[in-house]
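1. Got a sequence here, can you model it:
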Amino acid sequence: MFINNFDPVAFQIFSLDIRWYSLAYIVGILLGWVLSKRILISDPKLNEKFDDYLTYLILGIIIGGRIGYVFFYNFDYYSRNLIEILKIWQGGMSFHGGLIGIVFISFWFAKRNDLNPFKYLDIIALVAPIGIFFGRIANFINSELYGIETNVPWAVKFIQVDNIFRHPSQLYEATFEGLLLFFILLYFRNKGFLKYPGLVSGIFLIFYSTFRFLIEFFRVPDAQLGYLFLNLTMGQIISILFFLIGCYLITIKYETKEES
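-> Alright, predicted model coming up:
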């Protein structure tokens with residue numbers, strides 16, 4: 001069993017705290033950008049516009065992630081404390097909200113530049129697990145989104161939380177939603193699925209939602225929500241919806257693939 005007593009602050013610049021969570025976002029975006037530009041993108045027009053797209057994408061992730069957290073996880077509190085919504089540095093981001101932000105930005109940017117939005121979304125789907133991996137590692141360092149009590153040999157005691165040994169659910173997510181999902185998507189990319197825009201995005205939604213749904217059984221639900229319908233968490237309920245969207249996307253895009 002292990003003890004987690006990491007400092008969420010990586011280092012300081014004068015009086016400014018640089019936190020591991022911020023670094024995770026930065027590293028994930030930079031690695032995704034480099035991998036996309038140098039390896040994944042083959043369409044010259046897509047490659048030419050990708051830098052501009054990335055700028056808007058970052059805004060979509062941040063704004064969507066924050067609004068998603070407000071509406072999905074803590075609406076009662078933020079509806080009474082509107083100014084708190086702007087205090088992103090205090091924490092509170094939703095992956096699914098960020099994903100919705102990415103979809104909106106992609107469709108808007110693609111329409112503006114006369115491109116297929118799924119070409120952008122497929123590339124982002126391929127590199128998203130990189131950001132998820134670093135983000136979940138940062139969650140582990142921050143002692144947040146921790147797991148339920150357990151006595152498994154790899155249990156972790158989060159000193160900043162309590163003296164209970166828990167599942168390191170953040171590391172489970174980093175492994176499955178990050179590393180494993182990345183290699184699964186690379187497999188389909190190597191099979192030529194990028195030639196049919198939307199297929200890779202659908203595969204991402206299906207596998208991410210499946211992994212997230214299962215791992216949530218080992219994770220403590222958000223304190224302000226607890227367990228909801230059928231004793232499921234909010235994350236599981238939203239994952240079911242995104243899983244169904246992924247199945248629909250795969251169905252219509254695979255039909256296009258078969259017809260071509």
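2. how close does the residue nearest the centre of the chain get to residue 211?
-> Taking CA atoms, centre = their mean, the centroid of the chain lies closest to residue 95, which sits 4.4 Å from it. Note on residue 95: its distance to residue 211, by CB to CB, to the nearest Å, is 12 Å. In short, each C-beta sits where N, CA and C put it, glycine included.
3. Over to residue 159?
-> Taken as CB to CB, the span from residue 159 to residue 211 is 28 Å.
4. re earlier: contacts only, for the residue nearest to the centre of the chain.
-> 65, 68, 132, 135 (CB atoms under 8 Å, 6 or more residues apart in numbering).
5. Write a ChimeraX command that selects only the buried members of the residues you listed.
-> Per 16 or more other CB atoms under 10 Å, the buried members of these correspond to this ChimeraX selection:
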select :65,68,132,135
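6. right, and out of the contacts of residue 95, which lies closest to residue 2?
-> Comparing the contacts of residue 95 against residue 2 with CB to CB places residue 135 closest, at 20.4 Å.
7. for the one helix or strand that closest one maps to, packing partners?
-> Using DSSP states H and E, residue 135 sits within helix 117-141. The contact analysis (3 or more CB pairs under 8 Å, 6 or more residues apart in numbering; DSSP states H and E) places helix 117-141 against helix 20-35, helix 44-73, helix 95-112, helix 169-173, helix 181-190, helix 199-215.
8. Pipe the ones you listed into CSV and attach mean pLDDT per row.
-> Below are those laid out as CSV (pLDDT from 0 to 100):
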stretch, mean pLDDT
helix 20-35, 92
helix 44-73, 92
helix 95-112, 94
helix 169-173, 97
helix 181-190, 96
helix 199-215, 97
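9. In a markdown table: these, plus distance to residue 11.
-> Below are the helices and strands packed on helix 117-141 laid out as a markdown table (distance: least, CB to CB, whole Å):
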| stretch | distance to residue 11 |
| --- | --- |
| helix 20-35 | 9 |
| helix 44-73 | 22 |
| helix 95-112 | 26 |
| helix 169-173 | 21 |
| helix 181-190 | 28 |
| helix 199-215 | 30 |
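10. re the thing from before, could I get the buried residue list for the helix holding residue 135?
-> Within helix 117-141, the residues scored as buried using 16+ other CB under 10 Å are 117-141.
11. Can you spell out which helices and strands pack onto the helix or strand that it is followed by?
-> Using DSSP H and E, the helix or strand that follows helix 117-141 in sequence is strand 156-158. Packing partners of strand 156-158 (3+ CB pairs under 8 Å, 6+ apart): strand 2-4, strand 165-166.
12. so of those strands, which one's packed in deepest?
-> Among the helices and strands packed on strand 156-158, ranked by average contacts under mean count of other CB atoms under 10 Å, first place goes to strand 165-166 (a mean of 21).
13. what's the average pLDDT for it?
-> Mean pLDDT, strand 165-166: 96.
14. got the contact list for that strand?
-> Residues from elsewhere that reach strand 165-166 (CB under 8 Å, 6+ apart): 1, 146, 147, 148, 149, 150, 151, 155, 156, 157, 158, 220.
15. which ones are touching the closest residue to residue 173 other than its chain neighbours?
-> Leaving aside its sequence neighbours, residue 173 sits nearest to residue 136 (CB to CB, 6 or more residues apart in numbering; 4.5 Å). Contacts for residue 136 (CB under 8 Å, 6+ apart) come out as 145, 170, 171, 173, 174, 177, 178.
16. could those go into JSON lines alongside neighbour count and distance to residue 90?
-> Shown next, in JSON lines, are the contacts of residue 136 (neighbours: other CB atoms under 10 Å; distance: CB to CB, whole Å):
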{"residue": "145", "neighbour count": "16", "distance to residue 90": "15"}
{"residue": "170", "neighbour count": "26", "distance to residue 90": "19"}
{"residue": "171", "neighbour count": "17", "distance to residue 90": "24"}
{"residue": "173", "neighbour count": "27", "distance to residue 90": "22"}
{"residue": "174", "neighbour count": "22", "distance to residue 90": "23"}
{"residue": "177", "neighbour count": "24", "distance to residue 90": "24"}
{"residue": "178", "neighbour count": "23", "distance to residue 90": "25"}
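17. Cheers, nothing more for now.
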